[in-house]
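Chemist: with the sequence up front, the predicted model follows.
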Amino acid sequence: MRATTLLGTLLGLKQTRILEATFDDLGLVIDVAPTARVPYCSSCGRRVRAVHDRYEGRRWRHLDLAALRVWLCYTIRRVDCPRCGVVVELVPWAENQSWFTYEFEEQVAYLAQRADKTTLSSLMRIGWRTVGAIIERVLPRHRSADPLEGLTHIGIDELSYRRHHEYVTVIVDHVKGGVVWAHPGKNAETLNLFFAELGKERCAQLEAVTLDMSGAYLKAVTEASPEARVIFDRFHVQQLAHDALDEVRREEVREADPEDRGALKKTRFALHKNPWNLSTLEAAKVAEVQKANQRLYRAYLLKETLAAILDGRQVNVARQKLLEWIDWAVRSRLRPFQKLAGTVRRHLEGILAYVATGLSNGRTEGLNGKIRTITRRSFGFHSAWSLIALIFLCCSGITLRPVHR
Ligand SMILES: [Zn+2]
């Protein structure tokens with residue numbers, strides 16, 4: 001069997017001729033050409049006879065062969081397309097603009113769904129940034145026709161990435177349990193882009209929206225879909241109570257005698273835990289706070305009580321208890337909790353909607369946790385769109401298979 005025939009069978013590339021193979025310091029370099037003699041325009045896909053110019057020695061990385069890097073090499077032409085102008089020709093083995101073959105990119109995407117950063121990078125011998133660029137190209141080849149079809153219950157969440165300086169807004173479908181939309185940014189304008197894409201008719205079909213109380217999203221939601229029930233994320237409500245407690249604790253540490261300061265500082269961890277999760281030592285610390293610092297203990301009880309109210313399932317009971325909680329917080333003489341009481345009062349119906357429906361961004365906690373893990377993993381990508389592509393690849397029900405021949 002001739003070497004080129006053997007290689008052709010091994011590579012199994014469609015519409016591709018194998019011309020010659022050589023080795024260089026990078027690996028195995030295989031000269032190839034499309035079987036069609038007349039080039040195709042990569043922009044409109046039509047046959048174009050007019051060749052504008054050629055670039056010699058353009059290379060594409062292909063899947064390794066016997067642990068050896070493989071490169072396809074071809075003198076690519078630019079065609080003078082009557083519709084598109086001077087554009088590069090279409091090659092059957094790779095997407096326009098890519099330095100990798102389809103099969104190489106598919107393998108990377110498959111691994112990106114499952115493997116960690118180091119495994120992927122070292123196995124495929126490519127940088128992490130390149131992985132980001134590759135999955136951005138692969139994703140459109142696998143995405144479902146219209147993920148925004150049939151949405152009734154959605155959750156809106158923001159992700160911070162790159163050491164918390166940049167944000168991505170993510171929309172999840174509570175019914176099917178996947179990510180349906182994501183875009184860089186975290187304000188009302190970002191969300192308006194989503195509603196514009198969704199369109200008036202589908203906006204009107206939204207029944208419930210879970211979100212946090214930050215206000216930026218709320219306005220956009222009530223404007224775009226006034227009929228939808230707004231549900232405030234209970235985990236966000238509780239987070240605000242945690243923050244208030246922390247503020248009280250810091251104030252107390254500041255004002256404490258120097259000898260008490262150290263002991264107070266050490267209570268942080270114990271105070272933020274649920275009482276039933278406390279170790280004996282931590283429980284002793286909380287008891288100590290109860291004796292030594294009335295204000296801090298009151299803050300602790302306020303935080304705990306709020307969480308307990310949100311555990312309830314009867315709306316009327318929860319409403320009564322929340323109103324009592326607001327009163328208590330207002331009278332507590334703890335400024336951070338007085339402020340929180342105002343927030344809870346303003347958003348009372350949305351918080352109660354959680355009690356009524358049990359819907360929350362945390363309901364898809366598995367999904368939320370997964371998205372956050374992906375966000376941490378994405379560190380090093382060069383754009384938010386790479387992160388978004390990875391989120392979709394892993395959290396929107398796309399099934400990828402390893403490339404086997
Ligand atoms: Zn064209």
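Modeler: In hand now; what should we look at? Residues are numbered from 1 along each chain as shown.
Chemist: please count neighbours and contacts with C-alpha atoms only from this point.
Modeler: Will do.
Chemist: what secondary structure does the closest residue to the ion within the stretch 301-405 of the chain sit in?
Modeler: Closest residue of the stretch 301-405 of the chain to the ion, CA to the ion: Trp385 (27.2 Å). Taken by DSSP: H, G, I helix; E, B strand; the rest coil, the conformation at Trp385 corresponds to helix.
Chemist: for His382, what are its contacts?
Modeler: Residues near His382 by CA atoms under 8 Å, 6 or more residues apart in numbering: Arg129, Gly132.
Chemist: for it, phi and psi?
Modeler: His382 adopts backbone torsions of phi -90, psi -10, taken as degrees, to the nearest 10.
Chemist: from Arg141, how far out is it?
Modeler: Going from His382 to Arg141 by CA to CA, to the nearest Å gives 21 Å.
Chemist: and Arg77, by the same measure?
Modeler: With CA to CA as the criterion, Arg77 and Arg141 are 25 Å apart.
Chemist: so for those two, which sits in the more crowded spot?
Modeler: The residue with more neighbours, out of Arg77 and Arg141, is Arg77; 21 against 10, by other CA atoms under 10 Å.
Chemist: sticking with the more buried one, tell me its helix or strand.
Modeler: Arg77 belongs to strand 68-81 when assigned by DSSP states H and E.
Chemist: okay, buried residues for that strand please.
Modeler: In terms of neighbour count (16 or more other CA atoms under 10 Å), strand 68-81 has its buried residues at Arg69, Val70, Trp71, Leu72, Cys73, Tyr74, Ile76, Arg77, Arg78, Val79, Asp80, Cys81.
Chemist: one more: stretch 11-25?
Modeler: The neighbour-count check on stretch 11-25 (16+ other CA under 10 Å) flags Leu11, Leu13, Thr16, Arg17, Ile18, Leu19, Ala21 as buried.
Chemist: what does it contact?
Modeler: 4-5, 7-8, 28-36, 92-93.
Chemist: same check, this time on stretch 187-199
Modeler: 148, 169, 181, 183-184, 203, 216-221, 224.
Chemist: show me what the mean pLDDT comes to for that stretch.
Modeler: Stretch 187-199 carries an average pLDDT of 94.
Chemist: number of nearby residues for Gly8?
Modeler: Other residues within reach of Gly8, judged by other CA under 10 Å, total 18.
Chemist: and the gap between it and the ion?
Modeler: Distance of Gly8 to the ion, computed by CA to the ion, to the nearest Å: 29 Å.
Chemist: which residues of the stretch 51-200 of the chain fall in helices?
Modeler: Along the stretch 51-200 of the chain, counting by DSSP state H, counting those that start in this stretch, helices occupy 102-114, 117-124, 128-142, 188-204.
Chemist: need the winner for burial among those.
Modeler: Mean neighbour count (mean count of other CA atoms under 10 Å) peaks for helix 102-114 among the helices of the stretch 51-200 of the chain, with a mean of 21.
Chemist: just give me the neighbour total for Leu390.
Modeler: Burial of Leu390, expressed as a neighbour count using other CA under 10 Å, amounts to 24.
Chemist: so what's the closest residue to the residue of the stretch 301-405 of the chain closest to the ion other than its chain neighbours up against?
Modeler: Leaving out its chain neighbours, the residue that sits closest to Trp385 by CA to CA, 6 or more residues apart in numbering is Glu136, at 7.1 Å. The contact partners of Glu136, by CA under 8 Å, 6+ apart, come to Trp385, Ser386, Ala389, Leu390.
Chemist: what's the farthest-apart pair in these?
Modeler: Using CA to CA, the two most remote members of those are Trp385 and Leu390, lying 8.5 Å apart.
Chemist: just the pLDDT at the residue of the stretch 301-405 of the chain closest to the ion, thanks.
Modeler: Reported pLDDT for Trp385: 94.
Chemist: what's the burial count for it?
Modeler: Trp385: 18 neighbours (other CA under 10 Å).
Chemist: contacting residues for it?
Modeler: Counting by CA under 8 Å, 6+ apart, Trp385 touches Glu136, His183, Pro184.
Chemist: which ones among the residues you listed also lie next to the ion?
Modeler: By CA under 5 Å from the ion, no member of those lies near the ion.
Chemist: thinking again about what came up before, each with direction, which strands does the strand holding Arg77 pair with?
Modeler: Strand 68-81 has these partner strands in its sheet, going by DSSP bridges: strand 27-34 (parallel), strand 51-65 (antiparallel), strand 85-88 (antiparallel).
Chemist: and the contacts of that strand?
Modeler: Around strand 68-81, the neighbours that count as contacts under CA under 8 Å, 6+ apart are 26-33, 39-41, 48-64, 85-89.
Chemist: need the residues of the chain near the ion, please.
Modeler: Cys41, Ser43, Cys44, Cys81, Cys84.
Chemist: reformat the residues you listed as JSON lines; add distance to Pro336.
Modeler: Shown next, in JSON lines, are these (distance: CA to CA, whole Å):
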{"residue": "Cys41", "distance to Pro336": "64"}
{"residue": "Ser43", "distance to Pro336": "59"}
{"residue": "Cys44", "distance to Pro336": "61"}
{"residue": "Cys81", "distance to Pro336": "66"}
{"residue": "Cys84", "distance to Pro336": "62"}
